[in-house]
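In: Coordinates for the following, if possible.
(one chain, ligands or ions: 1)
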Amino acid sequence: MSTQPDTILISGGAGYIGSHVTHALNEAGFTTVVVDSLVKGNRFAAEKASHFRQGDIGDAAFIAAVCDEFKPAAALHFAAFIEVGESVQKPDMYFENNRDKAVVFFKTMASKGVGKVVFSSTAAVYGEPEIVPITEDSPWKPINPYGQSKLEAEMALREIAGVRSATLRYFNVAGGAPEAGLGETHVPETHLLPRLLLPLLDMPAEIQTGLGLKSGFKVFGTDYPTRDGTAVRDYIHVMDLADAHVLALKYLLAGGKTEIFNLGSGEGYSVNEIVAAARKVLSRPDYQPGTAPRRAGDPATLVADSTKARSVLGWAPHRGLEEMLSSAATWHQTETYINTIRQKVS
Ligand SMILES: O=c1ccn([C@@H]2O[C@H](COP(=O)(O)OP(=O)(O)O[C@H]3O[C@H](CO)[C@H](O)[C@H](O)[C@H]3O)[C@@H](O)[C@H]2O)c(=O)[nH]1
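Out: Okay, here's the model as predicted:
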């Protein structure tokens, strides 16, 4: 089979992280082929790819046809459901989509000779860690179906004969690339940065209502055993994450063996510290958020030890918290974001 070494298949490339990685791959000189059902993904983001085919990762005939058409050298797999709370309500849906369909996708590609996969995983595979910062060999003990479904997909991928993989376990991804027409565009929006920024940005009322933010942003939990009582997370800029994917892909293309890598900055910020940074970036020194009880299932502290990604892949994050906040704020005020959310919530 003749492969074109520079053609990369990207499942879920119309989603938040997949679209930023697709952009980074385009910039790095690869030809990108996105497959996305657009159930969660966005058409404006799919259009950033060199080629886009709409379809489901669980549809083996569709994936096989895309492989025949483009003969990719490798694949990156992002397509998944990502909401922890929803996974508790509908575990079957998460296991079907995130594990079973992923396995169909991996096996179909393997049958077509695509034997290199970068897999989008999550810090949720570690559950409530006993020791932070978290290394890759910390116990894998997810505490919700989202984390469990991702862990089972990871393990299935590592069992497929003839496939080498890089599993990337992300911590808290934030920010966007508004200069490239990309940013975080979720409905519902559960993540801290957009939920904090949107009410401060003078957004149209229907957007605030549609995203459940009409009564403003609230800090979930002020009684955690942390330095200021609010939960601590490791935030990483989505374009730093994208750089790591390009490096992981090049690592596999160069013959690298199957590995797992944590991706985070190694630095933890509390929710109150993020609020303080947002006050500064948006010039709103007097802003005071509301408070609410802890959100079920939220651990106190999650911080990555990414030493392995730094040493094996040569990766380092370069963009700090202010850049995450300012790029997100710019993105949320673009016509693309506002129009997309308007359509989704109408
Ligand atoms: O309106 C909000 C939203 C969030 N938070 C707090 O902000 C922190 C970060 O919350 P996010 O929802 O942004 O991120 P999580 O750490 O909960 O989630 C991350 O890890 C999850 C798995 O554990 C999923 O992978 C998810 O997509 C990823 O962003 C948490 O302490 C949360 O309680 C608030 O205080 N108010």
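In: need the contact list for G127.
Out: When the contact criterion is CB atoms under 8 Å, 6 or more residues apart in numbering, the partners of G127 are P139, W140, K141, P142, I143, G147, P299. Placement of C-beta: from N, CA and C, glycine included.
In: so how far is the ligand from it?
Out: Here G127 is placed at a distance of 9 Å from the ligand (CB to the nearest ligand atom, to the nearest Å).
In: sorry, back to before: between the contacts of G127, which is closest to V271?
Out: When those are compared for distance to V271 (CB to CB), P299 comes out closest, at 12.9 Å.
In: Show me what from the stretch 201-346 of the chain comes close to the ligand.
Out: Contact residues (CB under 6 Å from any ligand atom) of the stretch 201-346 of the chain with the ligand: F217, K218, V219, F220, A231, R233, V271, R295, D298.
In: Which neighbouring elements make contact with the helix or strand where M239 lies?
Out: Secondary structure here is read from DSSP states H and E; on that basis M239 sits in helix 238-253. Contact partners of helix 238-253 among helices and strands, from 3 or more CB pairs under 8 Å, 6 or more residues apart in numbering; DSSP states H and E: helix 16-27, strand 74-77, strand 116-122, strand 164-170, strand 172-174, strand 259-263.
In: still on that earlier bit, mind putting the contacts of G127 into JSON lines with pLDDT and secondary structure?
Out: Listed next are these as JSON lines, based on pLDDT from 0 to 100; DSSP: H, G, I helix; E, B strand; the rest coil:
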{"residue": "P139", "pLDDT": "97", "secondary structure": "coil"}
{"residue": "W140", "pLDDT": "98", "secondary structure": "coil"}
{"residue": "K141", "pLDDT": "96", "secondary structure": "coil"}
{"residue": "P142", "pLDDT": "96", "secondary structure": "coil"}
{"residue": "I143", "pLDDT": "94", "secondary structure": "coil"}
{"residue": "G147", "pLDDT": "97", "secondary structure": "helix"}
{"residue": "P299", "pLDDT": "91", "secondary structure": "coil"}
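In: Could you rank those by neighbour count and give me the top one?
Out: When neighbours are counted as other CB atoms under 10 Å, the busiest of the contacts of G127 turns out to be G147, with 24 neighbours.
In: pretty sure that residue is touching E128, no?
Out: No. Shown here, G147 and E128 do not form a contact pair, counting by CB atoms under 8 Å, at 10.6 Å.
In: show me what contacts the residue of the stretch 201-346 of the chain found nearest the ligand?
Out: Proximity of the stretch 201-346 of the chain to the ligand (CB to the nearest ligand atom) peaks at A231, 3.1 Å away. For A231, the contacting residues are F220, G221, Y224, S270, V271, D298, P299, A300, T301, taking CB under 8 Å, 6+ apart as the criterion.
In: For stretch 74-91, buried residues please.
Out: Residues of stretch 74-91 classed as buried: 74-84, 86-87 (neighbour count, 16 or more other CB atoms under 10 Å).
In: Show me the two of those that sit farthest apart.
Out: Across the buried residues of stretch 74-91, no pair lies farther apart than A74 and E86, at 30.3 Å, counting by CB to CB.
In: domain ranges for the chain?
Out: 4-171+234-263, 178-233+269-301+321-345 (automatic domain parsing).
In: beta partners for T122?
Out: According to DSSP bridges, the residues that bridge with T122 are Y170.
In: again, but for F261
Out: L168.
In: Identify the residues contacting it.
Out: With contacts defined as CB under 8 Å, 6+ apart, F261 is in contact with E136, A166, T167, L168, R169, A244, A248, S306, K308, A309, V312, L313.
In: For I338, state which of the residues you listed is nearest.
Out: Ranking those by separation from I338, with CB to CB as the measure, puts A244 on top at 29.9 Å.
In: so that closest one touches A166, yeah?
Out: No. The criterion here is CB under 8 Å, and A244 misses it with A166 at 9.3 Å.
In: and stretch 162-174, does that touch the ligand?
Out: Yes. For stretch 162-174, a contact with the ligand is found by CB under 6 Å from any ligand atom, at N172.
In: Going by neighbour count, list what's buried in that stretch.
Out: Using 16+ other CB under 10 Å as the burial criterion, the residues of stretch 162-174 that qualify are V163, R164, S165, A166, T167, L168, R169, Y170, F171, N172, V173, A174.
In: where does the closest residue to the ligand within the stretch 1-150 of the chain sit relative to F81, distance-wise?
Out: The ligand sits closest to A124 of the stretch 1-150 of the chain, with a gap of 3.4 Å, by CB to the nearest ligand atom. For A124, the distance to F81 equals 12 Å [CB to CB, to the nearest Å].
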